[in-house]
Structure formats: C-alpha cells, structure tokens
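K.L.:
Sequence and predicted structure below; questions after.
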Amino acid sequence: MQIYIDGKFYGENDAKISVFDHGLLYGDGVFEGISSYNRRVFKLDEHLDRLYDSMKGILLQPSWTRAEMREIVLETLRRNKLDNAYVRLVVTRGFGNLGLDMRQCPKPSLIVIAGHIQLYPKVYYEQGLNIITSGLRRPSADTLNPNIKTLNYLNNIMARAQAAAAGAQEALMLNAQGHVAECTGDNVFYVKNGAVCTPPLSAGLLDGITRRAAITLLRSKLKLPVREELFSLFQLMCADEMFLTGTGAEIVPVATLDGKPVGTGKAGPVTKKLMAEFKKHAAANGARY
Ligand SMILES: Cc1ncc(COP(=O)(O)O)c(C=O)c1O
C-alpha cells in the first residue's frame, strides 16, 4: 500500500506523522471518506467542496490548490492499482507545540490513504440493521457544528460503543432538542405512506454526499416526494421503512430500532429500489483514474 503524506508516497510501515501534530494531540483537523467504483471516484468534487468548507469551518488555510488535491487523490488510487476503493483524505493542523494555539502550527499536513472498508457484512443489506437510540446527543452548532467533518469523532465513537454493547450495529443520535439527527457514521431516512423524510441540516448533522445522492435518486428515479423536516423517535416507530446512507455503507436498510421492528422489520420496497438505483448510479458516474 502506498500512502501519500505531504508530497511523498510511503509504504504502510513508514507512513508516519509527528507526535506533535495537532491532529493527534487535539483532533484538530478535518477529513473525507470517498468511494471509487470501476476506476471512477464517486462525487469527488462534492467531497472536495465539503473538505474545503470544513477547512474554512476550522480556520485552516490549505497549502495546496484544489486541483492539486484532486490530482493527489487520483494519483494515490493509480499507484495502489485499486479498481474499487475507499479513500481517506485527512488534513491535520500539522506540527505544533503542546499548546492549543493554532498559530504555532505553521503548515497543515495532507494524508491520503486508499484501501478498502466494509462497514456492515452483506447479510445486513438483505435483512437490515439492528440499531439502538444512543443516550448521547449530537452536539449543537454552538458547541461543535456537526456540519463540519472534523477529526473529533469521540461523540460518534462512544455512541457506537453503546450500540456494540447492546448487540446492535449502529446507534441513532438525537440533537439536544430530541429531534433525530443522524447515526454515528450515516444519515437517516424513513418512508411513510409513499413519501420519504430525512432531517434537515439544521437538525445538526453531516451534509452527507450519499444523503444528497439518495434524495436526487428518490425524486428522479423512484418519483417519490422527499421532505427534509424535523422529526422525533415517534415518526420512526410508526414508519413503513427506514434506511441509512453513507459513503462506506451506501444504502442500508434498518430492521429494528431499540429492539422493535421498523415497518415489517425487513428491507422495504422503497429501500430495495433505492439500493439498486444507487448501485447503478455509482458504477456509471465519477472522475476516472
Ligand atoms: C457523522 C456522519 N454522518 C453522516 C455520514 C454520511 O456522509 P457521506 O454520505 O458523505 O459519507 C458520515 C460519513 O462519513 C458521518 O461520519
């Protein structure tokens, strides 16, 4: 495996960063997870847009142009000879001192890792996930805005640990007001009476690239209305279907929530159709390398 760090490629054992990097010391940095299918990077420009917004959100001045960053991602995929891959693009604040002051970190670091990820075994795409509601809330925008894809993932990691402890695969997270926000690494949708609903970005969630693709496919291919509106656990308890979206997970059905079946407790017809449309769409679109 060839890993890109700040202008050079390294083998897996030599790909290292400083212990003084604020990405490590403070989770001070941002990242993207990107998928490629059939030697095409899915929604690369959307991921770069989001990364640049995330950098702005943490006052991080990039030392690469967007075109350079785009080419580095494509070159990393070429060097690793991967037809289908998961790319992790990480920008850290860089080398600094032991204090919090970002002015002590003169140069950000850029890391690109191209590998594979399998979030959920295949069986869950047929049977659906079992998920729980975490007691941990997503932070509100005035704490750490969940719209920014930062390296601070402990809120999500602790909620995921609660899911694991309960024998579930994912955890649903509410915002401070009790509205459904998102899962620890995926966005949330439900279907009721032929209409689809997902929380708005103002509920405090990541503006998922797969979420956006799902909304477009639901409207254009499945001809279904999609609403972005606030909802609570009650709507999910009464839903016909529920599914999650994310780069690693793609579209994955939910079978049970807090031990109770959602709808029939199986992957529903809308979810199945969307999964098929998404596969087609992802295989046929994206930046070639
Ligand atoms: C907290 C969170 N929500 C949602 C998502 C889904 O976003 P995307 O579809 O861009 O992968 C992710 C994926 O990284 C995530 O970490």
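P.N.:
Arrived safely.

K.L.:
Around the ligand, which positions in the stretch 101-250 of the chain sit nearby?
P.N.:
Contact residues, the stretch 101-250 of the chain versus the ligand (CB under 6 Å from any ligand atom): 156, 182, 185-187, 206, 208-211, 245-247. All C-beta atoms are positioned from the backbone trio N, CA, C, and that covers glycine.

K.L.:
Which ones among the residues you listed map onto strands?
P.N.:
Judged by DSSP state E, strands contain the following of those: 182, 187, 245-246.

K.L.:
So N84 is in contact with V41, correct?
P.N.:
No - applying CB atoms under 8 Å as the test, N84 and V41 come out as separate, 10.8 Å apart.

K.L.:
List the residues that are in contact with both of these two.
P.N.:
S35 (CB atoms under 8 Å, 6 or more residues apart in numbering).

K.L.:
Which one's more surrounded, those two?
P.N.:
Using other CB atoms under 10 Å, the more surrounded residue of N84 and V41 is V41, with 22 against 12.

K.L.:
Let me know whether the more buried one touches T247 as I believe.
P.N.:
No - here V41 lies out of contact with T247, judged by CB under 8 Å, at a distance of 11.1 Å.

K.L.:
Common neighbours of these two, please.
P.N.:
Taking CB under 8 Å, 6+ apart as the contact rule, V41 and T247 both touch 34-35.

K.L.:
for I5, phi and psi?
P.N.:
Torsion angles at I5 (phi, psi; degrees, to the nearest 10) stand at phi -140, psi 120.

K.L.:
Is the closest residue in space to it that isn't next to it in sequence bridged to anything, and to what?
P.N.:
Nearest non-adjacent residue to I5, counting by CB to CB, 6 or more residues apart in numbering: I111, 5.2 Å away. In this entry, I111 is beta-bridged to I5, V90, by DSSP bridges.

K.L.:
try E250
P.N.:
Under the criterion used here (DSSP bridges), E250 is bridged to G246.

K.L.:
how's this protein carved up into domains?
P.N.:
For the chain, automatic domain parsing gives the domain ranges 2-115, 123-284.

K.L.:
Give the pairing partners of the strand or helix carrying A171; include direction for each.
P.N.:
A171 is part of strand 170-174 when elements are defined by DSSP states H and E. Sheet pairing of strand 170-174 (DSSP bridges) gives strand 129-133 (parallel), strand 180-183 (antiparallel).

K.L.:
Adding mean neighbour count and mean pLDDT, write those out as TSV.
P.N.:
Converted to TSV, the strands paired with strand 170-174 look like this (neighbours: other CB atoms under 10 Å; pLDDT from 0 to 100):
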stretch	mean neighbour count	mean pLDDT
strand 129-133	23	98
strand 180-183	26	98
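
K.L.:
Quick one: closest of these to T264.
P.N.:
Between T264 and the strands paired with strand 170-174, the tightest spacing by CB to CB is seen for strand 129-133, at 14.5 Å.

K.L.:
closest point of the stretch 1-150 of the chain to the ligand, which residue?
P.N.:
Closest residue of the stretch 1-150 of the chain to the ligand, CB to the nearest ligand atom: G33 (5.0 Å).

K.L.:
Am I right that that residue is in a strand?
P.N.:
Yes - G33 forms part of a strand when assessed by DSSP: H, G, I helix; E, B strand; the rest coil.
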